[in-house]
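**Student:** Any chance you could fold what I've pasted below:
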Amino acid sequence: MVSITKQTVQAKVAEIANRVGASEGIEIVEVEILGGGNSRVVRIYIDKPAGVSHADCELVSQQVGTILDVEDTIPGGRYTLEVSSPGVERKLKSIQDFERFAGKKVKVLLRSPVENQRKWEGTLTGVSGGLVSIEPSPGKLIQFALDQVEKANLKFEW
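**Tutor:** Numbers count the residues shown, from 1 in each chain. Just a heads-up that it's a prediction; the model follows:
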(Lines give C-alpha, C1' and ligand atoms only; values in the text may rest on other atoms or scores of the structure.)
Protein backbone atom coordinates (compact mmCIF):
# COMPACT_ATOMS: atom_id res chain seq x y z
CA MET A 1 0.00 0.00 0.00
CA VAL A 2 1.34 3.42 -0.93
CA SER A 3 1.40 5.98 1.85
CA ILE A 4 0.01 9.35 0.76
CA THR A 5 1.34 12.30 2.75
CA LYS A 6 -0.48 15.55 3.41
CA GLN A 7 2.28 17.36 1.46
CA THR A 8 1.75 15.08 -1.56
CA VAL A 9 -2.01 15.74 -1.53
CA GLN A 10 -1.44 19.48 -1.01
CA ALA A 11 1.01 19.58 -3.96
CA LYS A 12 -1.49 17.75 -6.19
CA VAL A 13 -4.33 20.11 -5.18
CA ALA A 14 -2.05 23.12 -5.85
CA GLU A 15 -1.13 21.72 -9.28
CA ILE A 16 -4.84 21.26 -10.16
CA ALA A 17 -5.76 24.72 -8.80
CA ASN A 18 -2.90 26.35 -10.74
CA ARG A 19 -4.06 24.65 -13.93
CA VAL A 20 -7.61 25.97 -13.42
CA GLY A 21 -6.43 29.43 -12.31
CA ALA A 22 -4.02 29.88 -15.22
CA SER A 23 -6.80 29.36 -17.77
CA GLU A 24 -8.86 32.10 -16.05
CA GLY A 25 -6.10 34.64 -15.27
CA ILE A 26 -6.36 33.83 -11.55
CA GLU A 27 -3.33 33.48 -9.29
CA ILE A 28 -3.36 30.67 -6.72
CA VAL A 29 -1.85 32.34 -3.66
CA GLU A 30 -1.93 29.40 -1.25
CA VAL A 31 -3.40 25.94 -0.77
CA GLU A 32 -3.97 24.55 2.73
CA ILE A 33 -5.23 21.17 3.85
CA LEU A 34 -6.50 21.19 7.41
CA GLY A 35 -7.90 18.48 9.64
CA GLY A 36 -8.50 14.91 8.63
CA GLY A 37 -11.11 12.20 8.19
CA ASN A 38 -14.63 13.56 7.78
CA SER A 39 -13.61 17.05 8.91
CA ARG A 40 -10.89 17.67 6.30
CA VAL A 41 -10.88 21.19 4.80
CA VAL A 42 -9.17 22.06 1.52
CA ARG A 43 -8.69 25.84 1.45
CA ILE A 44 -7.55 27.68 -1.69
CA TYR A 45 -6.71 31.40 -1.68
CA ILE A 46 -6.95 33.13 -5.06
CA ASP A 47 -6.13 36.61 -6.33
CA LYS A 48 -5.99 38.63 -9.51
CA PRO A 49 -4.89 42.20 -10.26
CA ALA A 50 -8.44 43.62 -10.45
CA GLY A 51 -9.45 41.82 -7.26
CA VAL A 52 -11.38 38.61 -6.67
CA SER A 53 -15.13 38.39 -7.18
CA HIS A 54 -17.60 35.89 -5.78
CA ALA A 55 -17.92 34.51 -9.33
CA ASP A 56 -14.13 33.86 -9.42
CA CYS A 57 -14.34 31.89 -6.17
CA GLU A 58 -17.35 29.96 -7.44
CA LEU A 59 -15.66 29.13 -10.75
CA VAL A 60 -12.46 27.88 -9.09
CA SER A 61 -14.47 25.94 -6.51
CA GLN A 62 -16.61 24.19 -9.14
CA GLN A 63 -13.77 23.37 -11.53
CA VAL A 64 -11.22 22.31 -8.89
CA GLY A 65 -13.87 20.39 -6.93
CA THR A 66 -14.89 18.43 -10.03
CA ILE A 67 -11.27 17.53 -10.86
CA LEU A 68 -10.53 16.55 -7.23
CA ASP A 69 -13.55 14.23 -7.26
CA VAL A 70 -12.90 12.73 -10.71
CA GLU A 71 -9.21 12.13 -9.96
CA ASP A 72 -10.01 10.97 -6.38
CA THR A 73 -7.27 13.30 -5.10
CA ILE A 74 -8.39 13.59 -1.47
CA PRO A 75 -7.92 10.35 0.52
CA GLY A 76 -11.24 9.13 1.86
CA GLY A 77 -13.07 11.38 -0.59
CA ARG A 78 -14.72 13.47 2.16
CA TYR A 79 -13.69 17.11 2.44
CA THR A 80 -14.99 20.66 2.44
CA LEU A 81 -13.58 22.90 -0.30
CA GLU A 82 -13.24 26.60 0.52
CA VAL A 83 -12.10 29.17 -2.05
CA SER A 84 -11.57 32.81 -1.07
CA SER A 85 -9.43 35.87 -1.59
CA PRO A 86 -6.30 36.18 0.56
CA GLY A 87 -7.75 39.31 2.17
CA VAL A 88 -6.36 42.80 2.52
CA GLU A 89 -3.41 41.57 4.60
CA ARG A 90 -2.42 38.78 2.22
CA LYS A 91 0.73 36.77 2.80
CA LEU A 92 3.82 37.56 0.75
CA LYS A 93 5.81 34.45 -0.09
CA SER A 94 7.58 34.63 -3.42
CA ILE A 95 10.00 37.11 -4.94
CA GLN A 96 7.16 37.96 -7.37
CA ASP A 97 4.92 38.92 -4.42
CA PHE A 98 7.57 41.30 -3.09
CA GLU A 99 8.07 42.81 -6.56
CA ARG A 100 4.33 43.14 -7.24
CA PHE A 101 3.54 44.92 -3.97
CA ALA A 102 6.42 47.43 -4.00
CA GLY A 103 5.13 50.73 -2.62
CA LYS A 104 2.67 49.03 -0.22
CA LYS A 105 2.85 48.86 3.57
CA VAL A 106 4.10 45.51 4.91
CA LYS A 107 4.71 43.63 8.16
CA VAL A 108 7.71 41.29 8.17
CA LEU A 109 9.02 38.81 10.71
CA LEU A 110 12.63 37.78 10.05
CA ARG A 111 14.34 34.52 11.03
CA SER A 112 17.28 36.46 12.47
CA PRO A 113 17.52 40.12 13.53
CA VAL A 114 18.51 43.02 11.30
CA GLU A 115 19.67 45.97 13.42
CA ASN A 116 18.71 43.99 16.56
CA GLN A 117 15.11 43.62 15.41
CA ARG A 118 13.14 40.69 13.90
CA LYS A 119 9.79 42.48 13.41
CA TRP A 120 9.59 45.30 10.89
CA GLU A 121 6.78 47.39 9.46
CA GLY A 122 7.14 49.90 6.68
CA THR A 123 6.82 50.59 2.99
CA LEU A 124 8.10 47.85 0.72
CA THR A 125 10.45 49.68 -1.62
CA GLY A 126 11.37 46.72 -3.81
CA VAL A 127 13.64 43.78 -4.49
CA SER A 128 17.08 43.95 -6.07
CA GLY A 129 19.84 41.38 -6.27
CA GLY A 130 17.89 39.00 -4.03
CA LEU A 131 17.54 41.62 -1.29
CA VAL A 132 14.17 42.94 -0.10
CA SER A 133 14.12 46.61 0.92
CA ILE A 134 11.73 48.19 3.41
CA GLU A 135 11.49 51.81 4.53
CA PRO A 136 10.33 51.60 8.18
CA SER A 137 10.49 55.39 8.54
CA PRO A 138 11.14 58.24 6.08
CA GLY A 139 14.75 58.14 4.92
CA LYS A 140 15.62 54.88 6.73
CA LEU A 141 16.08 51.75 4.62
CA ILE A 142 16.64 48.18 5.79
CA GLN A 143 17.50 45.24 3.55
CA PHE A 144 17.42 41.49 4.05
CA ALA A 145 17.57 38.34 1.94
CA LEU A 146 14.23 36.78 0.96
CA ASP A 147 15.23 33.51 2.66
CA GLN A 148 15.46 35.45 5.96
CA VAL A 149 11.69 36.09 5.86
CA GLU A 150 9.81 33.88 8.30
CA LYS A 151 6.47 35.59 7.66
CA ALA A 152 5.38 38.62 5.63
CA ASN A 153 2.00 40.24 5.03
CA LEU A 154 0.60 43.35 3.46
CA LYS A 155 -0.47 45.79 6.18
CA PHE A 156 -3.88 47.33 5.74
CA GLU A 157 -4.04 51.03 6.59
CA TRP A 158 -7.42 52.11 8.01
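**Student:** mind listing the helices for the protein?
**Tutor:** For the chain, the helices defined by DSSP state H cover 6-24, 54-70, 95-100.
**Student:** and of those helices, who's closest to Ser137?
**Tutor:** helix 95-100 (19.6 Å; C-beta to C-beta). (Glycine included, C-beta is placed from N, CA and C.)
**Student:** which other residues reach that closest one?
**Tutor:** Helix 95-100 has contacts (C-beta atoms under 8 Å, 6 or more residues apart in numbering) with 91-92, 124, 126-127, 130, 132, 146, 152.
**Student:** ok, Phe144 touching Leu109?
**Tutor:** No - at 11.0 Å, Phe144 and Leu109 do not qualify as touching, with contact defined as C-beta atoms under 8 Å.
**Student:** which one of these two has more residues nearby?
**Tutor:** Neighbour tally, Phe144 and Leu109, criterion other C-beta atoms under 10 Å: the higher count belongs to Phe144, 19 against 13.
**Student:** mind checking how far the more buried one is from Glu89?
**Tutor:** 20 Å (C-beta to C-beta, to the nearest Å).
**Student:** Now do the buried residues in the helix or strand of the chain with the lowest mean pLDDT.
**Tutor:** One helix or strand of the chain scores below all others by mean pLDDT, DSSP states H and E: helix 95-100, with a mean of 89. Of the residues in helix 95-100, 97-98, 100 count as buried by neighbour count, 16 or more other C-beta atoms under 10 Å.
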